[in-house]
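**Q** quick one, fold the following:
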Amino acid sequence: MVNSVKTTSIDSQTATTCTTSSQTFISIQGLTTTSDGNYETNGKGTVNLDVNWNIPVGKTLTIKKGDTLNIFSKLTVNGKIIVQGVLNNLSANTLNITGTGEVTVEKDATLNNGNGFFLNGKINNRGIIIVNGCLINSSNSIICNPWVFILVLAQIQINGKFVNNGRFISDGFQVGLVSDENRFNDNSFNKSAYNGLVKAQEEFRVQINIAESTSAEDFAPNLQALIDASSNIIFAVGFNLVADVNLFAAANPDFNFVILDGWSEGNDNLKPVVYNMAESSYLAGYLAAAYSTSKVVGTYGGLQIPSVTDYMTSFYYGAKAYAADFDKEVTVLGWNPIKKTGQFIGGFETNSSKSIATDLIENNADVIFPVAGDQYGDVSEAIKESNSDVVMIGVDKNIALTSPDYKEYVLTSVEKRMTNAVYDIIKLSVEGRFDNKTYVGTLANGGTGLSPFYDFDKKISDELKDRLVEIEDEIISGKRNLKI
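**A** Numbering: from 1, shown residues only. Predicted structure coming up:
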């Protein structure tokens, strides 16, 4: 039984809706009803809809290639829409894809949504989705194939599943970055973090807000400046900003923060980024043993704490792995992970370890791995005075690049790399999936690794380089235990 009938003029077309107790039928010039009761455009161009419409469960609307459907009213999708052409939602009302609803955007097709939409159902995207409003997904999923992208010009909130193998672009998303006490061209952590922002900007069209710090006194004002700039997420570079960023996170719960190489003090809106340096230190130990002519390598630390000895332990076992592979005797001075004894400065004061470096060299170590902050000046002085072919391995930064005065003595460095971490977290945030779980930089995600060999490259055989790649793959796959 028909309860009501309404006729509405649509740009010289006529649409008639007939509402029953179970569903809504629609008759619009440009749309046809198929023999099985579904709907499709007729291949003749543009169709305009300005009446509220419910696509019932079990029914499908197909927008054919070459056709455009412009929606100026509320569209509720309980059934399915297949977009082969263009679907423009220009309504002041929100497109509502219910729990039973499903929209498929085929390759080369476009869903252009001018007011955002609620997604409780499912979108299969093989084409382009453009959202000028807020995309809210409360339960299910958006699944994108590799050649697609999604453009969001405001914000996105995903509480359900989101799988995106394509590009996700957000013109309205702002990312802030506060540097440590250095400029963004420092060839170190600040530049690495900044490169992550640039990569995300190119990929997702995010807006970048940066604040350089020349001293610790700049940290708080710079964080506030990025909040005032309405940054959706704010990155702080380095453990020196831990205290400030935790205070700002606690005081600004509506903003999300990330501390690179630091920790959270229980803030729900602060994501820590840390690094599994044991992985790259193992590679460094293997390289050191292989490069050494004396087959004696040395290491020492600042303090005997896990954040230091983790490097030294993996360096030790990497060197011993080389010894086992080639049936050679390799001695590691400065740390015994079994007895937990070794050489430590007692702190991290810059260049306070020349006597330790000298002692290692006098005991035939020709590769030195100082895990004690900036000791490269002291180690290089000890090497010069020994008049021997000793090299060192840098820690955390690419020392040959950041401290070129020592480049001639730096075989490689075990790096903490910020770029991929920053990019990955921005991607999650743009997709509405920011969380406060710790992000761990690994060999697998490019968060750590060995620096280039530079001037030493010709002294390292192709066979050794290939072996290091093999070991890295084994570490990533879990086939190699970092202890033997």
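**Q** and the helices in the stretch 351-484 of the chain?
**A** Using DSSP state H, counting those that start in this stretch, the helices of the stretch 351-484 of the chain run over 354-362, 376-386, 399-402, 419-430, 462-477.
**Q** the ones you listed: which one's closest to residue 251?
**A** Distance to residue 251, taken as Cβ to Cβ, is lowest for helix 419-430 among the helices of the stretch 351-484 of the chain, at 20.0 Å. Glycine gets a C-beta too; all of them are placed from N, C-alpha and C.
**Q** next, the buried residues of the closest one.
**A** Residues 419, 420, 421, 422, 423, 424, 425, 426, 427, 428, 429, 430 are the ones in helix 419-430 that count as buried (16 or more other Cβ atoms under 10 Å).
**Q** okay, the helices of the stretch 351-484 of the chain in a markdown table with distance to residue 95 and mean pLDDT next?
**A** Shown next, in a markdown table, are the helices of the stretch 351-484 of the chain (distance: least, Cβ to Cβ, whole Å; pLDDT from 0 to 100):
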| stretch | distance to residue 95 | mean pLDDT |
| --- | --- | --- |
| helix 354-362 | 67 | 97 |
| helix 376-386 | 59 | 97 |
| helix 399-402 | 50 | 93 |
| helix 419-430 | 20 | 92 |
| helix 462-477 | 42 | 98 |
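**Q** can you list the weak-confidence ranges in the stretch 101-250 of the chain?
**A** Counting by pLDDT under 70, the stretch 101-250 of the chain contains low-confidence residues at 113-172.
**Q** make it 80
**A** Along the stretch 101-250 of the chain, segments meeting pLDDT under 80 span 101, 105-172, 182, 186-187, 205.
**Q** picking that back up, redo the buried residues of helix 419-430 as CSV? Include distance to residue 398.
**A** Shown next, in CSV, are those (distance: Cβ to Cβ, whole Å):
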residue, distance to residue 398
419, 12
420, 15
421, 16
422, 17
423, 18
424, 20
425, 22
426, 23
427, 25
428, 26
429, 27
430, 29
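**Q** just checking, residue 336 touches residue 320?
**A** No. With contact defined as Cβ atoms under 8 Å, residue 336 does not reach residue 320; the gap is 11.2 Å.
**Q** neighbour-wise, which of these two wins?
**A** Neighbours per residue, other Cβ atoms under 10 Å: of residue 336 and residue 320, the larger number sits with residue 320, 19 against 13.
**Q** could you check how far the more buried one is from residue 483?
**A** Computed as Cβ to Cβ, to the nearest Å, the residue 320 to residue 483 distance reads 9 Å.
**Q** wait, which of the buried residues of helix 419-430 is closest to residue 276?
**A** residue 421 (12.0 Å).
**Q** so who does the nearest residue to that closest one once chain neighbours are set aside touch?
**A** Closest residue to residue 421 apart from its sequence neighbours, by Cβ to Cβ, 6 or more residues apart in numbering: residue 273 at 4.9 Å. Each residue near residue 273 by Cβ atoms under 8 Å, 6 or more residues apart in numbering is listed here: 258, 259, 260, 261, 262, 418, 421, 425, 438, 439, 440, 441.
**Q** and residue 273, what helix or strand is that in?
**A** Assigned by DSSP states H and E, residue 273 belongs to strand 270-275.
**Q** please enumerate the strands of the stretch 101-250 of the chain.
**A** 102-105, 110-113, 117-119, 122-125, 128-131, 134-137, 141-144, 149-152, 155-158, 161-164, 167-170, 174-178, 207-211, 233-237 (DSSP state E, counting those that start in this stretch).
**Q** quick check: the closest residue to residue 179 other than its chain neighbours vs residue 410, distance?
**A** Closest residue to residue 179 apart from its sequence neighbours, by Cβ to Cβ, 6+ apart: residue 190 at 4.4 Å. For residue 190, the distance to residue 410 equals 20 Å [Cβ to Cβ].
**Q** before we move on, the earlier item: taking helix 419-430 as reference, get the angle to the strand holding residue 273.
**A** 150 degrees (axes from the mean of the first three to the mean of the last three Cα atoms, to 10 degrees).
**Q** what's downstream of strand 270-275, the next helix or strand?
**A** Strand 270-275 is succeeded, C-terminally, by helix 277-291 (DSSP H and E).
**Q** CA-only coordinates of the helix or strand just after that next one, as CSV, when you get a sec.
**A** Using DSSP H and E, the next helix or strand after helix 277-291 towards the C-terminus is strand 296-301. C-alpha atoms of strand 296-301 as CSV (Å, rounded to 0.1, in the frame of the first residue of the first chain):
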residue,chain,number,x,y,z
VAL,A,296,90.7,-8.4,18.3
VAL,A,297,87.8,-5.9,18.5
GLY,A,298,86.8,-3.6,21.4
THR,A,299,83.8,-1.9,22.9
TYR,A,300,83.0,0.2,26.0
GLY,A,301,80.1,2.0,27.5
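**Q** against which helices or strands is strand 296-301 packed?
**A** helix 277-291, helix 306-326, strand 331-333, strand 335-336, strand 341-342, helix 354-362, strand 367-371 (3 or more Cβ pairs under 8 Å, 6 or more residues apart in numbering; DSSP states H and E).
**Q** repeat that with 7 Å
**A** For strand 296-301, the contact count by 3 or more Cβ pairs under 7 Å, 6 or more residues apart in numbering; DSSP states H and E identifies helix 306-326, strand 331-333, strand 367-371 as packing neighbours.
**Q** give me the helices and strands touching the shortest one, please.
**A** Going back to what we said before, that points to strand 331-333. Against strand 331-333 (3+ Cβ pairs under 7 Å, 6+ apart) you get strand 296-301.
**Q** let's see that with 10 Å instead.
**A** In terms of contacts (3 or more Cβ pairs under 10 Å, 6 or more residues apart in numbering; DSSP states H and E), strand 331-333 is packed against helix 277-291, strand 296-301, helix 306-326.
**Q** which positions in stretch 432-441 come out as buried?
**A** 432, 433, 434, 436, 439, 441.
**Q** list the contacts for residue 446?
**A** Shown in contact with residue 446 (Cβ atoms under 10 Å, 6 or more residues apart in numbering): 415, 417, 419, 420, 421, 423, 424.
**Q** no, scratch that, I was asking about residue 341
**A** 304, 334, 335.
**Q** looking at those residues, which one is closest to residue 457?
**A** residue 334 (26.6 Å).
**Q** isn't residue 407 right up against residue 187?
**A** No. Contact between residue 407 and residue 187 fails when scored by Cβ atoms under 10 Å: they sit 11.9 Å apart.
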